[in-house]
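**Q** below is the sequence, then the predicted model.
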Amino acid sequence: MNSRPSCCSNPVSVIPAVCMLCGSHCGINVTFANGVPAKVEGRADHPLSPGYICPKGQAIAEIYNSKERLQVPLQKTTEGDWKQLSWAEAIGIWADRLQAIKKQYGAEAVAVHVGQAGVGKQFTSYVERFCHVFGTPNFSTSESHCHQSRVMASRMTCGFHPQPDFMSAGLIVLWGRNPRQSSPEAMQLIKQARLKGAKLMVIDPRAHGLARQADLHLQLRPGSDLALALGLLHVIIKEQLYDQDFVARWTKGFVELAAAVDKWSPEKAEQLTGVKADAVRQAARIYARSTPACITPGNAVELNIEGFQALRAITIIQAICGNLDIRGGAMATRHLPLTSLALKEKVPVLKKAVGQEEYPLFFKHSGQAQANLLAEAILSEHPYPIKAVVIAGSNPLLTWPNVGKIKEAFSKLELLVVIDNFMTETALKADMVLPAALFLAETEIWENSCFPGENRVGAAGKIVGNRACLTNWDLWKQLAEEMGYKEYFPWESEEKALDFRLKALGLSLSRLRQYPEGVVYDHWQEKKYEKQGFATPSGKVEIYSEELEAYGYSPLPAYDENEENQNSYPDEDYPLLLSSGARSMAFLHSRYRNIPSLRRLSPAPWLEINPSTAAAMGLNDGDQVFLESSQGRVAVRLKFTEELSGQVVYLLHGWREANVNILSDDRLLDPVTGFPACRAIRINIRKK
Ligand code: SF4
């Protein structure tokens with residue numbers, strides 16, 4: 001057990017830190033009383049988030065002190081009870097079981113998944129390294145269902161993943177993204193940009209607060225983003241609103257695109273999206289005439305059956321209107337280039353990762369297994385038997401599609417190990433549960449892009465002791481040493497290991513610690529492509545992608561009407577579309593519903609529905625109903641809202657009391673990325 005830093009030993013002291021509960025990295029002041037965190041407030045002097053923290057940030061002390069927080073390693077007995085283990089016992093048993101499974105079935109029979117929550121972020125690379133040294137290709141992360149599709153779509157189209165420059169934009173387009181709920185640091189910038197006169201367009205099935213304040217709100221049907229993007233492209237091209245010089249010099253495949261979107265009149269787009277044709281025209285004209293403009297697509301776009309192609313189309317809209325890599329547009333900034341720890345050469349080439357065959361481009365770009373196929377792989381033993389799964393900081397039984405199948409698959413395993421802060425639904429099914437340290441007890445690195453054109457990296461210090469938990473670093477290092485892999489983990493401490501990763505930047509932890517506001521690692525410069533071209537095979541924006549074509553996908557963003565009609569349009573049996581997956585400021589996906597102050601903010605799950613839709617079905621506000629999909633049934637109470645219209649209803653994900661992933665279908669995955677289509681699930685409602 002690590003000792004608590006001496007600065008925390010005064011009866012009352014305040015220590016500045018950075019909140020690492022989510023990627024916003026807000027500045028916090030932690031007040032200690034008698035050595036434990038007693039209160040957390042926002043740091044008014046912090047450049048990332050002057051004074052702001054969200055409800056989760058305010059609850060950090062409550063989370064840290066929660067009696068429900070896991071403290072000791074636990075092993076399930078044959079009677080189903082939990083037996084406490086020492087760390088040495090737990091690591092020893094864990095190592096032995098992994099070795100035995102490797103010996104009997106091969107290293108690939110072990111899969112490891114790292115989620116977004118409850119575990120440190122930089123340590124993910126050490127887990128990946130462990131997997132490679134062990135010899136399994138089955139390492140996956142939350143990239144299986146978050147963000148990676150956006151990264152892939154933009155990189156394959158223009159060679160970089162853009163960062164929107166809100167502060168200098170004439171127009172900001174929030175497409176399936178509500179930064180009020182998900183990105184307070186982006187929200188600060190948007191507020192400032194609005195005060196400077198930036199227009200706002202919101203594309204979202206929900207008329208949320210920002211949508212109501214917007215200059216234009218397109219309330220599209222969930223899952224129809226690609227149809228809308230093609231309708232916008234049709235208008236922009238037909239009315240010659242695009243940047244003709246940029247298109248001529250810097251794009252490949254414009255002629256083919258123009259031919260392909262010829263049929264996508266605003267009227268056709270209206271049929272599929274529910275957005276009036278005139279509003280499609282108006283949106284296209286406003287966007288094309290508002291340069292510089294930035295579009296920021298959210299998770300709602302990628303979590304659909306056509307999500308990848310929709311994201312490609314959105315990148316193309318930005319490109320042909322001349323908004324790539326300009327001030328106020330989509331900036332090509334550098335992702336934090338830490339030294340890689342991957343040792344892929346240790347994994348036998350013949351052993352393909354789960355999902356590598358089905359989603360080869362996802363594997364090529366992420367280097368990871370596709371976790372959405374893990375349950376199927378366990379049950380079918382294709383491409384080979386999977387016998388052990390380690391889950392760190394993730395709760396698949398609430399957050400992955402088709403939990404019925406996941407439960408069945410996990411019960412077939414010989415070993416399920418869960419590493420987490422709390423006893424989650426997935427942890428309850430495990431053979432062994434290991435407590436994860438909270439971020440306050442770990443040394444971490446944050447990165448932030450809320451200074452337009454100046455991406456920064458900083459240190460988030462360890463300010464409390466670990467109680468009985470090992471840090472994530474210690475935990476994996478001890479496991480590696482127990483298994484005889486010490487030579488691959490030569491660093492004495494997480495600080496030394498982080499120094500190694502920072503070497504690529506010419507930085508060290510001690511240097512970062514001198515700059516609480518972070519160190520700028522990337523000074524953005526406009527239109528770099530004019531000197532070096534775009535980082536694509538042709539050096540141009542690839543509207544037509546030969547890489548996609550070579551892998552058997554449509555080289556242009558093309559809408560598969562049959563697929564779409566079958567899977568995400570309401571029909572007689574399932575006349576409503578359920579959207580799920582959005583964020584709540586009170587929770588982090590399925591997390592923190594056990595924290596009283598956060599639970600008070602949102603005490604119970606609700607199915608939100610427009611009053612007129614409910615009235616037509618004979619339902620009243622507050623009625624208990626069953627939601628039914630082709631996959632299962634969930635009971636929940638109705639709540640009326642004018643923010644949704646027509647056939648669209650909404651249920652927040654992450655509730656054990658009304659688990660939306662009982663309803664989602666793990667077979668409905670984006671054909672390029674394998675991302676689940678959980679933003680548009682066909683359902684019916686019956687009164688309970
Ligand atoms: S938004 Fe909330 S959880 Fe995220 S870093 Fe800021 S305070 Fe922490």
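**A** Received it, and whenever you're ready, just let me know what you need.
**Q** how is this protein divided into domains?
**A** As assigned by automatic domain parsing, the chain contains the domains 6-65, 74-142+337-521, 161-332, 568-687.
**Q** most tightly surrounded among those?
**A** Stretch with highest mean neighbour count among these: domain 161-332 (a mean of 22; mean count of other CB atoms under 10 Å). Every C-beta, even on glycine, is put in place using the N, C-alpha and C of the backbone.
**Q** quick one: mean pLDDT over that one.
**A** Averaging pLDDT along domain 161-332 gives 96.
**Q** and if you look at stretch 583-591?
**A** On average, stretch 583-591 scores 89.
**Q** now do stretch 571-579
**A** The average pLDDT within stretch 571-579 is 91.
**Q** could I have that stretch exported to CSV, CA atoms only?
**A** What follows is stretch 571-579, C-alpha atoms only, in CSV (Å, rounded to 0.1, in the frame of the first residue of the first chain):
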residue,chain,number,x,y,z
ASP,A,571,-42.9,-0.7,-38.6
GLU,A,572,-46.3,-2.1,-37.6
ASP,A,573,-44.9,-4.4,-34.8
TYR,A,574,-42.5,-1.8,-33.5
PRO,A,575,-44.0,1.7,-34.3
LEU,A,576,-41.5,3.7,-32.2
LEU,A,577,-37.8,4.5,-32.4
LEU,A,578,-35.9,4.4,-29.1
SER,A,579,-32.8,6.5,-28.8
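**Q** name the residues that touch it?
**A** 205-206, 221-223, 300, 568, 570, 613, 627-630, 647-651, 660, 663, 679-685 (CB atoms under 8 Å, 6 or more residues apart in numbering).
**Q** what separates that stretch from the chain centre, distance-wise?
**A** How far stretch 571-579 lies from its chain's middle: 26 Å, per CA atoms, centre = their mean, to the nearest Å.
**Q** next to the ligand, which bits of the stretch 151-300 of the chain? Give me the list.
**A** Within reach of the ligand by CB under 6 Å from any ligand atom, the stretch 151-300 of the chain has these residues: Pro184.
**Q** JSON lines please, covering the domains of the chain and showing distance to Glu549.
**A** Formatted as JSON lines, the domains of the chain follow (distance: least, CB to CB, whole Å):
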{"stretch": "domain 6-65", "distance to Glu549": "34"}
{"stretch": "domain 74-142+337-521", "distance to Glu549": "12"}
{"stretch": "domain 161-332", "distance to Glu549": "10"}
{"stretch": "domain 568-687", "distance to Glu549": "12"}
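**Q** that's a strand at Leu578, yeah?
**A** Yes. When DSSP: H, G, I helix; E, B strand; the rest coil is applied, Leu578 is found to be in a strand.
**Q** what pairs with it across the strands?
**A** Val649, Ile681 (DSSP bridges).
**Q** measure it to Gly176 for me?
**A** 16 Å (CB to CB, to the nearest Å).
**Q** in this structure, what residue is nearest the ligand?
**A** Shortest the chain-to-the ligand distance, computed as CB to the nearest ligand atom: residue-wise this is Gly57, at 2.5 Å.
**Q** mind listing what that residue touches?
**A** Cys19, Leu21, Cys26, Ile28, Val40, Gly42.
**Q** just the pLDDT at the most centrally placed residue in the chain, thanks.
**A** Centroid-nearest residue in the chain, with CA atoms, centre = their mean: Cys146, separated by 3.1 Å. For Cys146, the model assigns a pLDDT of 91.
**Q** how near is the nearest residue to it once chain neighbours are set aside to Pro676?
**A** Leaving aside its sequence neighbours, Cys146 sits nearest to Asn299 (CB to CB, 6 or more residues apart in numbering; 6.0 Å). Counting by CB to CB, the separation of Asn299 from Pro676 is 11 Å.
**Q** please apply the same query to Gln71.
**A** With the distance defined as CB to CB, Gln71 ends up 34 Å from Pro676.
**Q** hang on, the earlier thing: these two touch, right, the residue nearest to the centre of the chain and Gly115?
**A** No. Using CB atoms under 8 Å, Cys146 is not in contact with Gly115; the gap is 9.6 Å.
**Q** re earlier: please name the residues that touch the residue nearest to Cys146.
**A** Per CB under 8 Å, 6+ apart, neighbours of Asn299: Cys146, His147, Gly176, Arg177, Ser182, Gly581.
**Q** of those, closest to Thr291?
**A** Using CB to CB, Arg177 comes nearest to Thr291 of those, at 20.7 Å.
**Q** backbone phi and psi for that closest one, please?
**A** Main-chain dihedrals, Arg177, degrees, to the nearest 10: phi -140, psi 130.
**Q** distance of the spatially closest residue to it that is not a sequence neighbour relative to Gln647?
**A** Nearest residue to Arg177, sequence neighbours excluded (CB to CB, 6+ apart): Gly298, at 2.7 Å. Going from Gly298 to Gln647 by CB to CB gives 21 Å.
**Q** try Pro164
**A** 31 Å.
**Q** check Pro184 too.
**A** From Pro184 to Gln647 the distance is 32 Å (CB to CB).
**Q** could you do Leu232 as well?
**A** 23 Å.
**Q** can you check Pro47 too?
**A** Pro47 is 45 Å from Gln647, by CB to CB.
**Q** what ranges in the stretch 401-550 of the chain fall below the confidence cut-off?
**A** 449-451, 466-467 (pLDDT under 70).
**Q** mind listing the helices for it?
**A** 403-412, 425-428, 472-482, 494-502, 509-513, 529-532, 546-550 (DSSP state H, counting those that start in this stretch).
**Q** quick check on the closest residue in space to Glu643 that isn't next to it in sequence: phi, psi?
**A** Of all residues not flanking Glu643 in the chain, Ala207 sits nearest, at 4.6 Å (CB to CB, 6+ apart). The phi and psi values for Ala207, taken as degrees, to the nearest 10, are phi -90, psi 70.
**Q** tell me which residues touch Ala207, please.
**A** His217, Gln219, Glu642, Glu643, Leu644, Ser645.
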